[in-house]
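J.: Give me a 3D structure for the following:
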Amino acid sequence: MTRTRPHASSRKRGSNPIAPRPFAERASVVRGGAVVRGARVMTAQARITAGYYERADVQDLVVTAVLNELRRR
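T.: The predicted structure follows:
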């Protein structure tokens, strides 16, 4: 079954027959025009919750990646 949006004049002002997608499913544009996909944000949030970024080897990789990015600019 497909869902179609009703014509703008046929609905009441302020009503939203089609709910917006949750934030994590939308892509966000950040400074510089880069697009961040919601799935990647959710993965990072799950890793934060699990303590993944607290590991010493992961912290070293993150610091290295940030420094490399700063050098490119």
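
J.: any idea how far D60 lies from Q45?
T.: Distance, D60 to Q45, using C-beta to C-beta, to the nearest Å: 22 Å. Yep, even glycine has a C-beta here, placed from its N, CA and C like the rest.

J.: nope, R37 is what I meant
T.: 13 Å.

J.: and if you look at A56?
T.: From A56 to Q45 the distance is 21 Å (C-beta to C-beta).

J.: more neighbours, the two?
T.: Q45 (11 against 7; other C-beta atoms under 10 Å).

J.: Buried residues in the strand or helix carrying A46, which are they?
T.: Applying DSSP states H and E as the criterion places A46 in helix 38-50. Residues of helix 38-50 classed as buried by neighbour count (16 or more other C-beta atoms under 10 Å): V41.

J.: Equivalent analysis for stretch 48-62, please.
T.: Quick answer for stretch 48-62: no buried residues (16+ other C-beta under 10 Å).

J.: What lies in contact with that stretch?
T.: Stretch 48-62 is touched from outside by R47, with contacts defined as C-beta atoms under 8 Å, 6 or more residues apart in numbering.

J.: Pull up the distance across it, start to finish.
T.: Taking C-alpha to C-alpha, to the nearest Å, stretch 48-62 runs 13 Å from one end to the other.

J.: Mind jotting down where the strands sit in the protein?
T.: 28-29, 35-36 (DSSP state E).

J.: Among those strands, show the one with the smallest mean pLDDT.
T.: The minimum mean pLDDT among these belongs to strand 28-29 (a mean of 64).

J.: Poorly predicted segments of this structure, please.
T.: By pLDDT under 70, the weakly predicted segments of the chain are 1-33.

J.: quick one, longest helix in it?
T.: Looking across the chain with DSSP state H, the single longest helix is helix 56-72.

J.: now the angle from that helix to helix 38-50?
T.: Calculated by axes from the mean of the first three to the mean of the last three C-alpha atoms, to 10 degrees, helix 56-72 forms an angle of 140 degrees with helix 38-50.
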